[in-house]
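Novice: I need the structure of the sequence given here:
(2 chains, ligands or ions: 3)
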Amino acid sequence: MGVQLLLEKAKVEGIRKYEVYRREGGYRSVEKALKTMSPETIVDEVKKSGLRGRGGAGFPTGMKWSFIAKPEGVSRHLVCNADESEPGTFKDRFLMEFIPHLLIEGLIVSSFALGSNTTYIYIRGEYAWVAEILEFAIAEAKANGFLGKNILGTGFDCEIYVHRGAGAYICGEETALIESLEGKRGNPRIKPPFPAIQGAWMRPTVVNNVETLAAIVPIINLGGDEYAKIGIGKSTGTKLMSACGNIKKPGVYEIDMTISVEEFIFSDEYCGGIANGKRLKACIPGGSSVPILPANLLLKTAKGDTRYMNYESLSDGGFATGSMMGSGGFIVLDEDQCVVKNTYTFARFYRHESCGQCSPCREGTGWMEKLLLRLENGQGKISDIDLLWDIQRKIEGNTICPLGDAAAWPVAAAIRHFRDEFEWHVTHAEEAVKMNYGLAHYADPIHVPA
Amino acid sequence: MNKFSEEKLAKVKEIISHYPEGKQKSALLPVLHIAQDSFGGWLSAETMDYVAELLQITPIEVYEVATFYSMYNLKPVGKYMFEVCQTGPCMLNGSDNIIAYIGEKLGIKPGETTADDLFTLKTVECLGACGYAPMMQLGKHYREHLTKEKVDSIIEECRKNAEANN
Ligand SMILES: Cc1cc2nc3c(=O)[nH]c(=O)nc-3n(C[C@H](O)[C@H](O)[C@H](O)COP(=O)(O)O)c2cc1C
Ligand code: SF4
Ligand code: FES
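Specialist: Numbering: from 1, shown residues only, chains lettered A, B, ... in the order given. Ligands and ions are numbered 1, 2, ... in the order given. Okay, the predicted model is just below:
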């Protein structure tokens, strides 16, 4: 098993409780950071660690932190993004549910580094019981002197509050999240100004993902340089992957980013192979927004190199033949799955979640949903495929926030790699409603079940 | 008209204190959750007006928010709401069949409530349980790895609870 920095202790009996977590070495990073480091040296360590945001965009965390404005007399805030609504993604839930103190610990250190005396965890409303687990952990941390006034006698004050959303994917986008925290509709803001300058209540604000903030704990404990030695290239540290779809062992796995995609899917340590003795058809490796790849481009790049589970390798080939690490939501499709139908469910999702501010996104997502449903039901025309292509192209890059792109990319990639399957839905309309297109030439030739 | 108990009013006050002075509007989402839980599982116009008054904001500010977020119900729902996920990963694991089965069993379509006001069936989009698909949300908890047998026992369990509470 590869190195475990986040989930190593998640299975320890009773780890949700403060005493157990503390006995296992928890909260050491708070002692180290608050007593022996300055906020600037913490930011430097995070820069050295090479940590990239785990929320989806992969932006370097240390750099993001260094952008926060520090106007005299204005409070600053850290907001933890626990909205986790990208289809395929359930890693943050796992971390919060099973090892909540790790997040709280990371939040205290990060709050100190950023000068946030009031920090919020914005959690998706449906995770009601997870919010309770977090509130319990916060109360325990406070009772033990790690939160509240004058933490560990250092003069640093910090409170953490949990704020539940109420069902809206768009509130994972950081400016929509801020609007929602302010008690408004989740309409993304036009940037600039960026949250680091004017965020929540127009105060400098940093929004980071749950996993990003939890990773601050091993970074402080190990030191940035040591953390950076784990992984490869610009993919440092470990990554949580939430694996789902048609695999034998769905679940959350902490991976060292040097393993290959093939190992991740087929080894018993991770996904355990395709369920029910079927073959691999396709995969969406980083959450519903990233391009889908057919098996033959997933295990090997277009150049024939082994593809690895890291930022660079997954995106090798760009959108033409590659995909993205995204949020780590790894969705696997077996030979019986229909790419048109899967794409339709995503299009419906994005139409449902569009906030409606920009016409390309509001109208385009609805059009794409309708066209895909028509094709799926065997009522489509060949020209519908071209129309879909045209619509997605007109959304991409023409909207206030990246939800527009997130809605466009899955449709583009599905048509790019599976056009024959879309066409078959038109030419074999009657069959298309009864059966699936199957594997064609997409299947990976390496893994043929006996 | 519905009003919060003293205990809930204290909770509301506590929540308001989490946000900066004068930014009590920030408490709107959490307070709407409490209101929905307290007043029959949905938000009537009176409830929303009451929340507006409590937070000293205009009613339209509450309506705007209540209509935006999918967890707020703007009309009455059954005592037990089955919110079944239908997005990609759940679909790949047979959520279509589960939705159809529940609908058949309860004699309702998605979006409808049974005549005895006991059950509402609703389809929802990804709830962050994709690895435990197919799944649904029932009240504050998730029910995962759904099968027909599991659905049967959940319905049974709800009926029993409803009887016990009557
Ligand atoms: C539509 C949309 C939804 C998003 N949802 C989430 C989410 O659920 N969780 C998350 O951490 N980031 C999400 N993001 C990314 C955030 O905007 C932001 O980049 C991220 O929280 C920054 O944290 P990081 O730097 O630690 O990754 C979303 C972005 C978009 C455009
Ligand atoms: S791209 Fe879509 S979700 Fe984003 S602001 Fe525009 S309409 Fe809203
Ligand atoms: S797709 Fe159903 S919970 Fe994610």
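
Novice: Who are the contact partners of the residue nearest to the spatial centre of chain A?
Specialist: Nearest to the mean C-alpha position of chain A, by C-alpha atoms, centre = their mean, lies A:Ser327 at 2.2 Å. When contacts are counted by C-beta atoms under 8 Å, 6 or more residues apart in numbering or on different chains, A:Ser327 touches A:54-56, A:86, A:88-89, A:91, A:286-287. To be clear about C-beta, it is placed using only N, CA and C from the backbone, and glycine gets the same treatment.

Novice: which residues sit against the longest helix seen in chain B?
Specialist: For chain B, the helix with the greatest residue count under DSSP state H is helix B:148-164. Residues from elsewhere that reach helix B:148-164, judged by C-beta under 8 Å, 6+ apart: B:79-80, B:82, B:98, B:101-102, B:105-106, B:118-119, B:138, B:143.

Novice: Export those to JSON lines and append columns for secondary structure, pLDDT and neighbour count.
Specialist: Output for the contacts of helix B:148-164, formatted as JSON lines (DSSP: H, G, I helix; E, B strand; the rest coil; pLDDT from 0 to 100; neighbours: other C-beta atoms under 10 Å in any protein chain shown):
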{"residue": "B:Lys79", "secondary structure": "coil", "pLDDT": "96", "neighbour count": "18"}
{"residue": "B:Tyr80", "secondary structure": "strand", "pLDDT": "97", "neighbour count": "22"}
{"residue": "B:Phe82", "secondary structure": "strand", "pLDDT": "98", "neighbour count": "27"}
{"residue": "B:Ile98", "secondary structure": "helix", "pLDDT": "98", "neighbour count": "24"}
{"residue": "B:Tyr101", "secondary structure": "helix", "pLDDT": "98", "neighbour count": "17"}
{"residue": "B:Ile102", "secondary structure": "helix", "pLDDT": "98", "neighbour count": "22"}
{"residue": "B:Lys105", "secondary structure": "helix", "pLDDT": "97", "neighbour count": "14"}
{"residue": "B:Leu106", "secondary structure": "helix", "pLDDT": "97", "neighbour count": "19"}
{"residue": "B:Leu118", "secondary structure": "coil", "pLDDT": "97", "neighbour count": "15"}
{"residue": "B:Phe119", "secondary structure": "strand", "pLDDT": "98", "neighbour count": "24"}
{"residue": "B:Leu138", "secondary structure": "strand", "pLDDT": "97", "neighbour count": "16"}
{"residue": "B:Arg143", "secondary structure": "strand", "pLDDT": "98", "neighbour count": "21"}
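
Novice: from the residues you listed, which is closest to A:Asn150?
Specialist: If you rank these by distance to A:Asn150 using C-beta to C-beta, B:Leu138 comes first, at 43.6 Å.

Novice: who's the closest one bridged to?
Specialist: Judged by DSSP bridges, the bridge partners of B:Leu138 are B:Phe82, B:His141.

Novice: if I look at it, how far off is chain A?
Specialist: 11 Å (C-beta to the nearest C-beta, to the nearest Å).

Novice: Pull out the buried positions in the longest helix of chain B.
Specialist: B:151, B:154-155, B:158, B:162 (16 or more other C-beta atoms under 10 Å in any protein chain shown).

Novice: So for that helix, mean pLDDT?
Specialist: In this model, helix B:148-164 carries a mean pLDDT of 97.

Novice: Return the member of the contacts of A:Ser327 nearest to A:Ile230.
Specialist: A:Arg54 (14.5 Å).

Novice: is ligand 1 contacted by the helix or strand A:Val79 falls within?
Specialist: In this assignment (DSSP states H and E), A:Val79 forms part of strand A:77-82. Yes - with C-beta under 6 Å from any ligand atom as the criterion, ligand 1 is reached by strand A:77-82 at A:Asn81.

Novice: could you point out which element follows that strand?
Specialist: Reading on from strand A:77-82 to the C-terminus, the next helix or strand found by DSSP H and E is helix A:91-98.

Novice: who in chain B is up against ligand 3?
Specialist: Residues of chain B lying close to ligand 3 (C-beta under 6 Å from any ligand atom) are B:85, B:87-90, B:126-130, B:133, B:135.

Novice: In strands only, show me these.
Specialist: If you go by DSSP state E, the residues of chain B next to ligand 3 have B:Cys85 in strands.

Novice: Among the residues of chain B next to ligand 3, which ones lie close to chain A?
Specialist: Among these, proximity to chain A is found for B:87-89, B:126-130, B:133 (C-beta under 8 Å from any C-beta of the partner chain).

Novice: Start and end of stretch A:287-303, how far apart?
Specialist: Using C-alpha to C-alpha, to the nearest Å, the end-to-end distance of stretch A:287-303 comes out at 24 Å.
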